[in-house]
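> sequence and predicted structure are below.
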Amino acid sequence: MSGVFGGTVKRKEDPRLITGQGTYTDDVKLQNLAHAAILRSPYAHALIKNIDVSKALEHPSVIAVFTGKDIEQRVGPIPTAWLPPDSDIKATAHPALALDRVRYVGDGVAMVVADDLYAAKDALELIAVEYEVLPAVVNQEAAMDDAAPLVHSDAPHNIAFHWQAGDATDEMFESAPVHVSHRFVQQRLIPNAMEPRSSVAQYNKSTGSLTMWVTTQNPHIHRLLLSGILGLPEHKIRILAIDVGGGFGSKIACYPDEALVGFAAMELGIPVKWTEERRENFLVTTHGRDMILDVDLAGEKDGTLTAIRVRNMANMGAYLSTAGPGVPTILFGLIVPGAYRFAHAKVDVYGVFTNTTPTDAYRGAGRPEATYLLERMVDLFAMELSMDPVEVRRKNLIGADEFPYHSALGLEYDSGNYQQALDKAIGMIGYETFRKEQEELRSQGRYVGIGCTTYVEICGLGPSQVAGAVGFQGGLWESSTVRVHPTGKVTVFTGASPHGQGEETTFAQIVGDRLGIPIDDVEIVHGDTDRIAMGWGTYGSRTTPVGGNALAIAVDRVIDKARKIAAHMLLTVEENVEFDKGIFYTNNEDGAVRQATFQEVVLQAYLAWNLPSGVEPGLEGHSFYDPVNFVYPFGTHFCMVEVDRETGEIKILRYVAVDDCGRVINPMIAEGQVHGGIAQGIGQALWEGAIYDDQGQLLTGTFMDYAMPKAHFFPEFETAFTETPAPQNLLGVKGIGETGTIASTPTVVNAVVDALRPFGVRDLDMPLTPEKVWRAMEKGGESA
Amino acid sequence: MAITNTSVEITINGMLHSLDVEPRLLLVHLLREKLGLCGTHVGCDTSQCGACTVLLDGQAVKSCTVLAVQTDKQTITTVEGLGTIDHLHPVQEGFWEKHGLQCGFCTPGVMMAAVGILEQNPHPTEEEIRHGLEGVICRCTGYQNIVRAVQYAANLTESSAVESEVAASNIHREAYEGR
């Protein structure tokens, strides 16, 4: 069973999940478990004049009720953990329960703990809160106005931070032979992981230790932050997140709710659980995107792109979430030049407070927003020049011989063959043929269009020095321990914390491949801070390029030690021992081949009857791997659509994706990641969007108002890979979790705008709902 | 606000349960909180996402929309009663073979919905499967491999009729040979 790297292998995690034996946080049952419910503000902005909890306390099932004032001295505020440098950031911390003022609908006001879930929710209605409603502001551009109400008194004009990168002067655009300007609105999205957030806490007073099950993508970061918030030392906190039902970025942040559950368990001496309702998920779990983007693009008449400039007004919501400020700055800004040879680029970002739910990472986090504006601008530029959009891309793509490539914003793109991916995608979709057919179909009154995106992604969030330089308040290395048991079975402990990405399988493939053992002999342990020394979690497509390489290095350290023992067993020196497919072997000068299996060598390591001098018993490998660079996946996506003239409905006729994430460990799992990513990106392009009214009420607060894509919304996606190994890591791997979301959104919008060309439409803001498309066809021109 | 409990008798995964339940208790909470059958998940509380889908007298229903008292004298199958790891239901096998799940949270409900689809239409087309999945939401897979999983199950069920005859004859022979 060796050599399984690159092979399709069924997932090891599936048997428990398909038989209902998975353990998600809300499945955790403990003796005397109490249930918490949180009273949330119905107003976006209000002063709290009084809270009366007396009636709630009279409820026979209620154990305790806490308000902000009750816990002020005991539960620290929820911190922001990403502080972009040189931005004068106003990181106003979020109190776990509001003190004198609420700042968005859903802001926590009080917590009830009861012995029954239904009773806890009944008791919420018995709490009387007296509010003085204040004017609210929900739009970031309006919030920067002189007359706008202030969300935080220490942030004039509601500006939380101002961050800049790169260099491009007005003159570069004004004097350029071709200059295109446009404003894009990246609508706010709701991540909607299918598992609502949940926390369970159990405190042992005699040992002073707190165990918490938390729906999180990064248990060790939660341990670190909760340690500060709750005033407990880290080694007294254990965070567990074994089965997590999706995250998409929304389970990175540390939330008030988790801190409250931990506090209640410590205070009351009984275990406490809180599980979000979907309504709460809409209101308080972090949202994504929400940017207003003013873009200038300069180029030559022959189609050469020369400079790009972006002004980003990013809606941060009422508080800066854990990683929130990093999204519109570092993760968005640095990739703005994309896959093209821009000589100059400049990014100017305003993070703005409003009376809305805080925003943070959502699948792709910053990179989809950057790719969207760039790929839309390239199409507008092509339209301006009457050039074929594919030709503009081909002309400007960084060449395969130009790597490592230094972008205009200072990144070093590791490797790529962008033309190869483009050519492959053109072949799959039949681009030239479609263009010919398009004319014919248009003449029949059928509005078909084709759109494409050539993208590069920055992921594998790593180098800790870079993390420090960009203001991330943590490292971005990853840890792995490979423990070989006396019989040759292996347990791996990884700091990455997957939640659907299939790492129990792909990581076992890495180990099986290197050690030449069946993947069933390998167990992957993740999501438990007591079993894993340290880790930084799963987000930004970092698990395989960072965590996977930590694992590969740890395995190689096991092999290095085992080789010493094998040499001793085979009566030779280490240099004469080869290891292949689970066998240590030697060719001696007498021509005789002597060999020992991995299992035989492992047993000797533990029996320790006859080890070489200086070699300790046992066999474990450890790695704290810090990558030297990010990794840069890339690719080309194409989409064909047809617009219904009568209804404005868009039908996706075909969708083709060619992605390059370096070496592919398990094609089935990689393909699955691409499918899911495309679906989320198309969701943004066509249907999804969070809408607030002027008072800050979320109008799209349930699955009945927020258009979640269903199975029949999509065609079958046609996916393929090219493989350009990452040159700077042992496995040659890049990331694949976000590529689909990054590429599909502009691809689909480009296709729809192409279909609407006969109506003179240049652009439409997402989502491209039938009504919006129909109105555009009626009026012609841009969205009103 | 005293609430009188009601006695019910429900057969769940082949076992008869006699229970006293609050009239407002939702079936999904009965399963999860009172009986510890946590394979059935709550994704939305509003009957939109389908993560809580179970079979009620053989029909796929959303257990967050059904009161426990309404199921008196009825039969319920949850994911725990669908198949075991040694004897997977064809739908479970399809989801494993075709990578029809990622985080796995919606999966029990989606599989129960798939059983319901195949019950009504044993040979669905791709389009029929996609429309049949109207009542469930999956945020991970983009649905493509879910569709493949249901197709796989449909094909397996078709061929398993023949196989089960063979299996039955083997059991008969083994019994005869005294194994």
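Received it, and whenever you're ready, just let me know what you need. Numbers count the residues shown, from 1 in each chain, chains lettered A, B, ... in the order given.

> B:Leu31 contacts B:Leu25, doesn't it?
No. Counting by Cβ atoms under 8 Å, B:Leu31 does not reach B:Leu25; the two are 10.3 Å apart. (Each C-beta comes from the backbone N, C-alpha and C, glycine too.)

> which one's more surrounded, these two?
A count of neighbours by other Cβ atoms under 10 Å in any protein chain shown puts B:Leu31 above the other of B:Leu31 and B:Leu25, at 24 against 20.

> gap between that one and A:Met266?
Look at B:Leu31 and A:Met266: by Cβ to Cβ, to the nearest Å, they are 31 Å apart.

> swap in B:Val69?
38 Å.

> which of the helices or strands spans A:Asp379?
Here A:Asp379 is covered by helix A:367-385, with elements defined by DSSP states H and E.

> residues of the stretch 501-650 of chain A that sit close to chain B?
A:501-502 (Cβ under 8 Å from any Cβ of the partner chain).

> switch to 10 Å and redo it
A:501-502, A:505 (Cβ under 10 Å from any Cβ of the partner chain).

> what's the overlap in contacts for B:Leu31 and B:Leu25?
Counting by Cβ atoms under 10 Å, 6 or more residues apart in numbering or on different chains, the shared contacts of B:Leu31 and B:Leu25 are B:Ala68.

> the spatially most central residue of chain B in helix, strand or coil?
Most central in chain B under Cα atoms, centre = their mean is B:Met112, positioned 3.1 Å from the mean C-alpha point. At B:Met112, secondary structure determined by DSSP: H, G, I helix; E, B strand; the rest coil is helix.

> hang on, it packs against B:Thr78?
Yes. Between B:Met112 and B:Thr78 there is a contact under Cβ atoms under 10 Å: 7.7 Å.

> residues that sit against both of those two, list them.
B:39-40, B:52-55, B:63.

> nearest to chain A among those?
Proximity of the shared contacts of B:Met112 and B:Thr78 to chain A (Cβ to the nearest Cβ) peaks at B:Gly39, which lies at 2.0 Å.

> burial measure for that closest one, as a count.
For B:Gly39, the count of nearby residues is 26 (other Cβ under 10 Å).

> next: A:Arg238.
By the measure other Cβ under 10 Å, the count of residues near A:Arg238 is 18.

> that one pairs with what?
Counting by DSSP bridges, A:Arg238 is bridged to A:Thr211.

> quick one: the closest residue to A:Ile78 other than its chain neighbours from chain B, how far?
Spatial nearest neighbour of A:Ile78, excluding adjacent residues (Cβ to Cβ, 6 or more residues apart in numbering or on different chains): A:His94 at 4.3 Å. Distance of A:His94 to chain B, given as Cβ to the nearest Cβ, to the nearest Å: 26 Å.

> mean pLDDT per helix and strand in chain B: which one sits at the bottom?
For chain B, using mean pLDDT, DSSP states H and E, the weakest element among its helices and strands is helix B:144-176, scoring a mean of 71.

> what score does the closest residue to A:His157 other than its chain neighbours have for pLDDT?
Leaving aside its chain neighbours, A:His157 sits nearest to A:Met144 (5.0 Å; criterion: Cβ to Cβ, 6+ apart). With respect to pLDDT, A:Met144 has a value of 98.

> next, count neighbours for A:Met144.
Neighbours of A:Met144 using other Cβ under 10 Å come to 18.

> surely it touches A:Val137?
Yes. The pair A:Met144 and A:Val137 qualifies as a contact (Cβ under 10 Å) at a distance of 9.4 Å.

> mind checking how far the closest residue to chain B within chain A is from A:Leu653?
When distances are taken as Cβ to the nearest Cβ, chain A reaches nearest to chain B at A:Gly20, 2.0 Å away. Look at A:Gly20 and A:Leu653: by Cβ to Cβ, they are 38 Å apart.
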